[in-house]
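Asker: Provide a 3D model corresponding to the input given below.
(chains A and B)
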Amino acid sequence: MRFSKLFAPTLKEAPSDAEIKSHEYLVRGAFIRKVTAGVFNYLPLGKRVLDKIWRIVKEEMDNIGAQEILMPIIQPAELWKMTGRWDDYGPTMMKLYDRHGREFTLGPTHEEVVTFLMKNELSSYKQLPVTVYQIANKYRDELRPRYGLLRGREFVMKDAYSFHSSWESLDEVYQDMRKAYKKIMERTSLRYLVIEAASGAIGGNQSHEFVSLAPIGESNVLYCEKCGYQASDERTPYKGEYEKVGMDEEEKELERVATPNVKTVEQVADFLGVDKKRIVKSLLYVGRKGMVMALIRGELEINEEKLKEVLKDQSLRMATPEEVLEKFGVPIGFIGPVGADDVYIVADHSVKYIKNAVVGGMKEDTHYINANLDRDFKVDEWADIRMLKEGDPCPVCGAPLKATKGIELGHVFKLGTKYSEAMKAYYMDEKGELKPFIMGCYGWGVSRTMAAIVEQYHDDKGIIWPLSVAPFTYIVTVVNMNKKEQVEAGEKIYKALLEAGEEVVIDDRQVTPGIKFNDADLIGFPIRITVGKALKEGKVEVKMRNSSERVKVDFEDEGKLVKVLKEMKESYKPKPKV
RNA sequence: CAGGGGGUAGUUCAGGUGGCAGAACGCCGGAAUCGGGAUCCGGAGGUCGCGGGUUCAAAUCCCGCCCCCCUGACCA
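Answerer: Numbers count the residues shown, from 1 in each chain, chains lettered A, B, ... in the order given. From the prediction side, this is the model:
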């Protein structure tokens, strides 16, 4: 490719909306351009990188026997209503209507469509298992798209689905997928963790996330250096001791005290001069079955994912102040379990071990002190709904956990029969009985991977692409286009590399050397061949993007030059930033 | 969705007490130059987000709408 012909309008300045390096460099380096919030054009360079990632993902899927298909982006509402996700997933879906007013969605994922497909096409256990996948655009109306390709509203995803007649068969494919995902991580040179994860709105009962390490990542990971435990903070159970707060005291008399305008745990602790641990925090949620109260010890935080799982209700959300006021006639901040008899109460185990607790007074500007379990309030369900943080004990070995952040690239789920039952997708087993398919689903963020790689591979000048995903391997930089000998030498090297089957760009633009060097660094070509003043000695300079070292190589000897270049290519192994 | 900020040249941004539409970079033409976005001369480029209102006069004030960005995710 000739740079003079390449559609690659690089930018000197960072776009005003770029907050992170991958966003800035992908835009400045002419890989992508924003169309509207969370929606991008891929320019030639970006398309080349995307294709390389695409191909790696495709090859790894093909390797484990998954079969590529293509499903529609437009999906009818009826399928989503069958599984209840038209409402559950609702706000995240891009919805549209045809001329008859019939409802559709732009597919945010394809469980419904693929289950519908298999329900009609597979009828016997003899046809199972089957694994299919596609690589296609997905649409999600994110609350707040941001970070360039990391959280878009339109993005490229690989989604695979497997159908089985036994859990053992599902487990085989699940393990194959995990191996394939590890290979994708390795082939894209990403540093990553595999963590146990919450399955969220997708559902199911086992899932692992493949997380690429990055400080700006939105997934919080807890891991144990001692035993190797790795999990999402949303998923990590608390298996430590429960601290006893005042358990050796006498039960004192329940008393309502005035706490004017004192609402938060912090304020209450200050105002009453008590430890936060003595306060029981009461949070109200609204789910499918109405309002639910969740209790936890004052200084701890509630893990909404755990709570959703306990209640088996993915639609759960925090109640608004208005809803709370309407229900109890009491503003938020003064809500507590004493006298909250008509609401279902879920409490974290930590609440069990507080005597003479402080709770909301259920009357504006008051709190109760000396509230005691059973005597003053009841709990309908005990559960572990605590959010763990760094330093909390590892659930496996008890050592203090470490925290880090990452970008979720892959997610594998054992779905079980959630979708097949909801959609009556049955096959006939050996005994002639109808059984719902046992299913797995496996997602990979293809376009997001591009941003994740840049997050790990860049410096203050631009991107440092690993070879496997670089848009081109080499750039031949002709320093002075007015010098015939430089142009001729550059062309000769360019052609030699093309003939050797290499991916190469020759920078034949009539611009100053500074622009050429800076663009080469910004775009991130792994190897640069500079044709300039060293030509007087019959040499060119070769430099790898991840090093400042320049090697002088005789250019007249093409065989030797190509050999040296290929050797440098072999040894090019940029170091990730994390 | 809530709160905040913003929308002016291709980009990054000034102007905003109402009175001729601005800069830098980029772009086009030219000069000289050619190893890290260098220099000089000349030039093109705008429904000031959209619609309405107030006014002799609106980028500027008022109203409505659209879009973009940031923070948050109701942790009481």
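
Asker: So for chain A, the centremost residue is which one?
Answerer: Geometric centre of chain A, nearest residue: A:E408, 2.5 Å, by C-alpha atoms, centre = their mean.

Asker: for the strand or helix carrying it, the distance to its chain's centre please.
Answerer: Assigned by DSSP states H and E, A:E408 belongs to strand A:402-416. Mean-position distance between strand A:402-416 and its chain equals 7 Å (C-alpha atoms, centre = their mean, to the nearest Å).

Asker: Tell me the strands beside it, with direction?
Answerer: strand A:206-213 (antiparallel), strand A:219-223 (antiparallel), strand A:438-445 (antiparallel) (DSSP bridges).

Asker: so which of those comes closest to RNA strand B?
Answerer: strand A:219-223 (12.1 Å; C-beta to the nearest atom of the strand). (C-beta placed from N, C-alpha, C; glycine too.)

Asker: Beyond that closest one, next helix or strand please.
Answerer: Next element after strand A:219-223 (DSSP H and E): strand A:230-232.

Asker: Next to RNA strand B, which bits of the stretch 351-500 of chain A? Give me the list.
Answerer: Contact residues, the stretch 351-500 of chain A versus RNA strand B (C-beta under 7 Å from any atom of the strand): A:387, A:461, A:479-482.

Asker: From the residues you listed, list just the buried residues.
Answerer: A:387, A:479-481 (16 or more other C-beta atoms under 10 Å).

Asker: From A:V379, how far out is the residue of the stretch 201-350 of chain A found nearest RNA strand B?
Answerer: As assessed by C-beta to the nearest atom of the strand, RNA strand B sits closest to A:G333 within the stretch 201-350 of chain A, at 2.7 Å. Look at A:G333 and A:V379: by C-beta to C-beta, to the nearest Å, they are 21 Å apart.

Asker: picking up where we left off before, can you lay out the buried ones among the residues of the stretch 351-500 of chain A next to RNA strand B as a markdown table showing pLDDT and secondary structure?
Answerer: Listed next are these as a markdown table, based on pLDDT from 0 to 100; DSSP: H, G, I helix; E, B strand; the rest coil:
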| residue | pLDDT | secondary structure |
| --- | --- | --- |
| A:M387 | 89 | coil |
| A:V479 | 94 | coil |
| A:N480 | 93 | coil |
| A:M481 | 92 | coil |
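
Asker: What is the nearest of these to RNA strand B?
Answerer: Among these, A:N480 lies closest to RNA strand B (C-beta to the nearest atom of the strand), at 3.3 Å.

Asker: average pLDDT for stretch A:332-339?
Answerer: Averaging pLDDT along stretch A:332-339 yields 86.

Asker: And A:G333 and A:V379? Which one has more around it.
Answerer: With neighbours defined as other C-beta atoms under 10 Å, A:G333 and A:V379 compare such that A:G333 has more, 21 against 18.

Asker: If we ignore the residues flanking it in sequence, what's nearest that one?
Answerer: Nearest residue to A:G333, sequence neighbours excluded (C-beta to C-beta, 6 or more residues apart in numbering): A:K263, at 2.9 Å.

Asker: that's a helix at that neighbour, yeah?
Answerer: No: looking at A:K263 with DSSP: H, G, I helix; E, B strand; the rest coil, it is coil, so not inside a helix.

Asker: Tell me, how many residues neighbour it?
Answerer: 17.

Asker: where does it fall, phi/psi-wise?
Answerer: Here is the backbone geometry of A:K263 (degrees, to the nearest 10): phi -120, psi -50.
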